[in-house]
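# have a look at this prediction, sequence included:
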Amino acid sequence: MSDINVNQVLAQMRTMSIEASSKSIKPEQATGESDFAAMLKDSIDSVNETQKASGALSKSFELGEPDVSLAEVMIASQKASVSFQAMLQVRNKLVNAYKDVMNMPM
């Protein structure tokens, strides 16, 4: 198993941050038009991809592939868990907002 270098992890986090910030600015958002449904679908797809990657990495580790360390598997698992929990909280807020709007008097 390989040891995780702290500087390497920080560099990966910076790279992912830059990628996330560049992906978050789309042409329709720059013009003021935003499609909430498309943004929500992209977020759900991103969470799904994170979970699939975590599952694949876990399976690779279980099969004994030498290039996959336990630390990488645990980090991927935690990333998937955190992204899912965040999406769950967004869903809960949307459901509460919907209930509030439906309970408004006309």
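Yep, that arrived. Residues are numbered from 1 along each chain as shown.

# longest helix in the protein, please.
Longest among the helix segments of the chain by residue count, using DSSP state H, is helix 70-102.

# list the buried residues in it.
The neighbour-count criterion (16 or more other Cβ atoms under 10 Å) identifies 72, 73, 75, 76, 80, 83, 87 as the buried residues of helix 70-102. Where you see a C-beta, it was placed from the backbone N, CA and C, and this is true even at glycine.

# could the residues you listed go into CSV alongside pLDDT and distance to residue 16?
As requested, the buried residues of helix 70-102 are arranged in CSV below (pLDDT from 0 to 100; distance: Cβ to Cβ, whole Å):
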residue, pLDDT, distance to residue 16
72, 92, 15
73, 94, 18
75, 94, 12
76, 93, 13
80, 94, 14
83, 92, 12
87, 92, 17
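
# follow-up on the earlier one: remind me what the longest helix of the chain packs against, helices and strands.
Under the contact criterion of 3 or more Cβ pairs under 8 Å, 6 or more residues apart in numbering; DSSP states H and E, the helices and strands touching helix 70-102 comprise helix 36-62.

# and the helix it packs on, what does it pack against?
Applying 3+ Cβ pairs under 8 Å, 6+ apart, one finds that helix 36-62 makes contact with helix 70-102.

# as a whole number, average confidence for stretch 45-55?
Stretch 45-55 comes out with an average pLDDT of 94.

# show me the contact partners of that stretch.
Residues from elsewhere that reach stretch 45-55, judged by Cβ atoms under 8 Å, 6 or more residues apart in numbering: 73, 76, 77, 79, 80, 83, 84, 86, 87.
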